[in-house]
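**Student:** Structure of the sequence below:
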Amino acid sequence: MAKNLLTALQVKQAKPKEKEYLLGDGGNLFVRIRPNGSKYFEVIVRINSKKRRISLGDATIISLEQARKLCEKELIRLKGLIYFKLFIEYFGKMEVGKINKSDILRSLAKYEKEQKRASFVKATNILKVFFAWAIEKNICEYNPASTINTFALFGKAKETHHTRLSDLVKVIALKNSIVNY
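**Tutor:** Take a look at the predicted model:
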């Protein structure tokens, strides 16, 4: 999705309407314009299929650039909370700053043992983002997940080839069946 679609001038010149409305900057940043003329920046995200709105502040006080930076920080914070909940079961009450690469590899051992490369990579990436968040919040000083080498554990990823529709008649038939579904 495109980002930075709004300009500061568009935010400034946005006029109130009978009902409040949103102007999107792309991604998760919006400007809410109320009927009384007030304008607020907010982040809108979906967490567990529920829409969450986080106000960043008055658009007459906060610049668009500041709002974009605040939006990024808020998204990092939210991801950190989600990822923390995912791994709390394994790491329990361990101090985040004391979790090391060996602890992470033990938590992911079932994926390695069952040769579930995709699950291992996804879980490792979640942990990398979590520890990046923890570093931002000064909870820990380094990211132990960043040194995990998937290639060393699993070898080269297997190439998969997918069939494609090359017959124009079959493509049209598929399109029609989808439209008429």
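**Student:** Just give the closest residue to Thr124, not the sequence neighbours.
**Tutor:** Leaving aside its chain neighbours, Thr124 sits nearest to Ile148 (5.3 Å; criterion: C-beta to C-beta, 6 or more residues apart in numbering). Yep, even glycine has a C-beta here, placed from its N, CA and C like the rest.
**Student:** OK, contacts around Gln115?
**Tutor:** Neighbouring residues of Gln115 by C-beta atoms under 8 Å, 6 or more residues apart in numbering: Phe154.
**Student:** Look at it and report its pLDDT.
**Tutor:** On pLDDT, Gln115 comes in at 77.
**Student:** likewise Ile76?
**Tutor:** You'll see Ile76 listed with a pLDDT of 74.
**Student:** what packs against the helix or strand it falls within?
**Tutor:** Mapping Ile76 onto the secondary structure by DSSP states H and E places it in helix 64-91. Using 3 or more C-beta pairs under 8 Å, 6 or more residues apart in numbering; DSSP states H and E as the contact criterion, the neighbours of helix 64-91 among helices and strands are helix 8-13, strand 29-33, strand 39-47, strand 50-58, helix 101-107, helix 117-136.
**Student:** try 7 Å
**Tutor:** Contact here means 3 or more C-beta pairs under 7 Å, 6 or more residues apart in numbering; DSSP states H and E; on that basis helix 64-91 packs against strand 29-33, strand 39-47, strand 50-58, helix 117-136.
**Student:** Now mean neighbour count and distance to Val171 too, for those, in TSV please.
**Tutor:** Below are these laid out as TSV (neighbours: other C-beta atoms under 10 Å; distance: least, C-beta to C-beta, whole Å):
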stretch	mean neighbour count	distance to Val171
strand 29-33	21	38
strand 39-47	18	33
strand 50-58	12	36
helix 117-136	18	29
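**Student:** Figure out which of these is closest to Asn143.
**Tutor:** helix 117-136 (3.9 Å; C-beta to C-beta).
**Student:** ok now the very next helix or strand once past the closest one, how far from the chain's centre?
**Tutor:** The element immediately downstream of helix 117-136 (helix or strand, assigned by DSSP H and E) is helix 150-154. Computed by C-alpha atoms, centre = their mean, to the nearest Å, the separation of helix 150-154 from the middle of its chain amounts to 25 Å.
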